[in-house]
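> test case, fold it:
(chains A and B)
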Amino acid sequence: GAGVSQSPRYKVAKRGQDVALRCDPISGHVSLFWYQQALGQGPEFLTYFQNEAQLDKSGLPSDRFFAERPEGSVSTLKIQRTQQEDSAVYLCASSLTGTLRSGELFFGEGSRLTVL
Amino acid sequence: AQKITQTQPGMFVQEKEAVTLDCTYDTSDPSYGLFWYKQPSSGEMIFLIYQGSYDQQNATEGRYSLNFQKARKSANLVISASQLGDSAMYFCAMREGYQGRRALTFGSGTRLQVQP
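Numbers count the residues shown, from 1 in each chain, chains lettered A, B, ... in the order given. Next comes the predicted model:
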């Protein structure tokens, strides 16, 4: 597709379940970011990949959160033993280059996770 | 300290009028970039405009302009001739450094409602 694609768009999980959120970036984009956006808030940085290398995971809130991008394209954000505070929209964004200038960051529509 | 501060949780504007959305930022890095994104109810973040810290001129993109006051550390977004389709959340964001950490830091957003 032409844009960043995320799936599922909506996910309801029971507390304690594991979830996996998928991001398909724009073809050829080197950089990939995951953000968490709580209701009524701005996005908060989670992690960053350059190709398959995870260069920054300082924003991951706990060791229950894990992200991978094994072949440098599709990325998966996994949340283990979900908690209610994990309820949020998870945004994926990609960028063509390894440096960030101007408006090169393209976002998907997000995956809305609700933990009951 | 907040890196990006947006003090207006909500704003109303009449159709065809101009509106200014405020943003102040905090950084000690001499090299940084400032961004504005629009987030409609669909959830996707749409890039609007970019201003680099070394740019001499204020950025403009169609009906969007950025009022960049470096000494005051403010980067207000001006939307001219508002349209009903401009109703959305608007986020100011900053990227610090050029080759350093590549993630954007977002403010808490301003919800703009354009009234007919």
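> where does the chain dip in pLDDT?
Here I'm looking at chain A. Within chain A, the stretches with pLDDT under 70 are A:1, A:98-103.
> other chain: chain B
B:1, B:98-102.
> let's see that with 80 instead.
Counting by pLDDT under 80, the ranges of chain B that qualify are B:1-2, B:97-102.
> around chain A, pick out the residues from it.
Residues of chain B found near chain A (C-beta under 8 Å from any C-beta of the partner chain) are B:4, B:33, B:35, B:37, B:42-50, B:52, B:91, B:93, B:95, B:98-99, B:101-109. Any C-beta I mention is one placed from the backbone N, CA and C, and that applies to glycine too.
> list the buried residues for stretch B:14-32?
B:V19, B:L21, B:D22, B:C23, B:T24, B:Y25, B:T27, B:Y32 (16 or more other C-beta atoms under 10 Å in any protein chain shown).
> quick one: it to chain centroid distance?
5 Å (C-alpha atoms, centre = their mean, to the nearest Å).
> distance between the ends of it?
End-to-end span of stretch B:14-32 (C-alpha to C-alpha, to the nearest Å): 33 Å.
> just stretch A:12-28 next, same as before
From its first residue to its last, stretch A:12-28 covers 31 Å (C-alpha to C-alpha).
> is it anywhere near chain B?
No: using C-beta under 8 Å from any C-beta, stretch A:12-28 stays clear of chain B, coming no nearer than 13.2 Å.
> in that stretch, what counts as buried?
Buried residues in stretch A:12-28, counted by 16+ other C-beta under 10 Å: A:A13, A:V19, A:L21, A:C23, A:D24, A:P25, A:I26.
> looking at these, which are in helices?
Among these, no member is found in helices (DSSP state H).
> PyMOL command for the buried members of the residues of chain B next to chain A?
Per 16+ other C-beta under 10 Å, the buried members of the residues of chain B next to chain A correspond to this PyMOL selection:
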select buried, chain B and resi 4+33+35+37+43+44+45+47+48+49+50+52+91+93+95+101+102+103+104+105+106+107+108+109
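> which of the residues of chain B next to chain A fall within strands?
Residues of these located in strands (DSSP state E): B:4, B:33, B:35, B:37, B:46-50, B:52, B:91, B:93, B:95, B:105-106.
> closest one of those to A:F49?
Nearest to A:F49 among these: B:R95, at 16.5 Å, using C-beta to C-beta.
> skipping its backbone neighbours, what lies nearest that closest one in space?
Nearest in space to B:R95, with sequence neighbours left out and distances taken as C-beta to C-beta, 6 or more residues apart in numbering or on different chains, is B:G33 at 4.5 Å.
> so the one you found sits against B:G97, correct?
No: contact criterion C-beta atoms under 8 Å: B:G33 and B:G97 do not qualify, at 9.3 Å.
> get me the contact residues on chain A for chain B.
Neighbours of chain B within chain A, by C-beta under 8 Å from any C-beta: A:31, A:33, A:35, A:40-45, A:48, A:55-56, A:59, A:89, A:91, A:93, A:95, A:98-103, A:105-110, A:112.
> among those, the buried ones, what's the PyMOL command?
Burial among the residues of chain A next to chain B is assessed by 16+ other C-beta under 10 Å; the matching PyMOL selection reads:
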select buried, chain A and resi 31+33+35+42+43+44+45+48+56+59+89+91+93+95+100+103+105+106+107+108+109+110+112
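> so which of the residues of chain A next to chain B are in strands?
Judged by DSSP E, strands contain the following of the residues of chain A next to chain B: A:31, A:33, A:35, A:44-45, A:48, A:55-56, A:89, A:91, A:93, A:95, A:105-107, A:112.
> now the two most distant members of these.
Spatially, the most separated pair among these is A:L55 and A:R112, at 26.9 Å (C-beta to C-beta).
> thanks a lot, catch you later.
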